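1. would you be able to build a 3D model of this:
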Amino acid sequence: MRQRFTARFLVVGDRAGTVVRDGVLDVVDGAIAWVGPAAEAPPQGDAEVVALPGVLTPGLVNAHSHAPMVLFRGQGEGLPLDRWLQEVMWPREARLTPEDVEVAMTAASAEMLGNGITTSVEMYFHPERIAAAVTTTGARALIATPLLPLPGMPPVAEQLDAAVALAGTAPDDGSVEYGIGPHAAYTVPLPVLADAARAAREHDLLLHLHVAETATEGDDLLAAHGLSVPALLASHDVLGGRVLAAHCVHLDEADQELWQEYDVAVALCPASNAKLASGVAPLRPMLDRGIRVGLGTDGPASNDSLDLLADLRLAAGLARLRERSATALTAAEAFWLATGGAADALGRPDLGRLEAGRRADLVHVDTRDLVFEPVGDAADVLAHLVWSGAGRHVRDVWVGGRPVVRDGASTTVDAAALRTDVAERAARLAAG
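-> Now for the predicted structure:
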């Protein structure tokens, strides 16, 4: 199958912010075969031509999400993280069924695709049902099977064995990848964290966990061990391999040095951290150290949006506020955090950029809107995407060259019916 996409602008998704005016992108069998200006394009041949009036970008990569929590969107408003979890989330989650998770993930996946998110990192219960959901919608997911010692769940050691076994069932087409997701050092015993890290390294799996989300979450560990959470993880051989740490709001310079030393990647969640008053992560210092960073929405119960374009605008604004500098994060870097930078953070070199050899996960942003004018030069396109763009501007989405959103609507699921189903399930879970 051969396709040729033409667009007014192509936004590559690299850190430099490369934008190609009057661009052409060729797709062969679901992979990008050529990218560049129309004047230099190879012969069209028998390719199907898709002419787009707006901007073509890579599919956005959501580096941290608990998307099935659309069931709890907006619940527990105004509570700090610890009370939000203990009083609102965990009691409702204890009543979840596997079908609840699959329905909710299907709805959330369709919502994310509609906002241009083609890949998400998910950490939630019933990972096999999450995989089924994204198979239905046509999205991609890297699913970190959660390890969490909650009532009614197997011992965490058994959870780890099951997570490793599940990882071996992943398809080889890049649509679903499984990892291991121990919740955090303050909820999962340190020996289990160490075992999970060893298993992840042995099987080349992503190890995904929450780190330094709030200022006080590590107080008990510090009192018991005399070490910060990052230092404690290093001392227990948890770091090394493919480690993705979510949030990382409260990292001091020594912690950041450890992240740099062990090449730990960060999933930045500015909207969730702002809503829960957790703080502002040291994004600029982490980037200056060469730490890999990707942007995440977090769950729709703590954001409450699954609009990564809105989150990258917040990330840029908060970085500039924190550093008191309008140059602390450029528009190009902000967009890269949701595309190529996020793919790098996941260890997925097949995603995140419009480059030959990568998967043809593509987003058409309709720029026939006043917020995308004026365009004096190509750099203005990135500025408008970051400071004016939103998920509502996404018109069409392809995953591996397959259309999954057309003219703003899902091609794979009935979004209206899913919305009704989610509402009914959410009411049941809230009622108890």
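
2. and stretch 113-122, how far from the chain's centre?
-> 7 Å (C-alpha atoms, centre = their mean, to the nearest Å).

3. any idea how far apart the tips of that stretch sit?
-> Start-to-end span of stretch 113-122 (C-alpha to C-alpha, to the nearest Å) is 14 Å.

4. what average pLDDT does that stretch get?
-> Average pLDDT, stretch 113-122: 98.

5. what does the worst-scoring helix or strand of the chain on mean pLDDT contact?
-> For the chain, using mean pLDDT, DSSP states H and E, the weakest element among its helices and strands is helix 81-83, scoring a mean of 85. Helix 81-83 is contacted by residues Gly76, Glu213, Thr214, Glu217, Leu276, Ser278 when judged by C-beta atoms under 8 Å, 6 or more residues apart in numbering. C-beta coordinates here come from the backbone N, C-alpha and C atoms, glycine included.

6. the residue nearest to the fourth one when sequence neighbours are not counted in helix, strand or coil?
-> If I follow you right, that is Glu217. Excluding the flanking residues, the one nearest Glu217 by C-beta to C-beta, 6 or more residues apart in numbering is Tyr186, at 5.2 Å. With DSSP: H, G, I helix; E, B strand; the rest coil as the basis, Tyr186 sits in coil.

7. give me phi/psi at the closest residue to Ser235 other than its chain neighbours?
-> Of all residues not flanking Ser235 in the chain, Leu227 sits nearest, at 6.3 Å (C-beta to C-beta, 6+ apart). In terms of degrees, to the nearest 10, the main-chain angles of Leu227 are phi -130, psi 150.

8. rebuild the contacts of helix 81-83 as CSV, extending it with neighbour count.
-> CSV is the format used below for the contacts of helix 81-83 (neighbours: other C-beta atoms under 10 Å):
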residue, neighbour count
Gly76, 19
Glu213, 25
Thr214, 20
Glu217, 22
Leu276, 21
Ser278, 22
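
9. of all those, which comes closest to Asp344?
-> Distance to Asp344, by C-beta to C-beta, is smallest for Glu213 among those, at 22.0 Å.

10. how near is that closest one to Leu193?
-> Glu213 is 16 Å from Leu193, where distance means C-beta to C-beta, to the nearest Å.

11. for Ala390, same thing?
-> To Leu193, Ala390 is 38 Å away according to C-beta to C-beta.

12. quick one on the thing from earlier: isn't the residue nearest to Ser235 up against Asp220?
-> No - checked against C-beta atoms under 8 Å, the pair Leu227 and Asp220 is beyond contact range at 12.0 Å.

13. domain map for this protein?
-> With domains defined by automatic domain parsing, the chain comprises 2-58+354-410, 60-346.

14. closest to Arg419 out of these?
-> That would be domain 60-346 among the domains of the chain, by C-beta to C-beta, at 6.5 Å.

15. now do the same end-to-end measure for that closest one.
-> End-to-end distance for domain 60-346: 13 Å, by C-alpha to C-alpha.

16. buried set for stretch 375-382?
-> Residues Val375, Asp380, Val381, Leu382 are the ones in stretch 375-382 that count as buried (16 or more other C-beta atoms under 10 Å).

17. what about that stretch, distance to the chain center?
-> 26 Å.

18. which residues touch that stretch?
-> Under the criterion C-beta under 8 Å, 6+ apart, residues 9, 11, 17, 19-21, 55, 331-332, 335, 367, 372, 374, 384 lie in contact with stretch 375-382.

19. contact partners for the residue nearest the centre of the chain?
-> Most central in the chain under C-alpha atoms, centre = their mean is Asn62, positioned 1.6 Å from the mean C-alpha point. By C-beta under 8 Å, 6+ apart, the contact list for Asn62 reads Met112, Ile117, Thr119, Ser120, Val121, Leu295, Gly296, Thr297, Leu306, Leu308, Ala338, Ala342.
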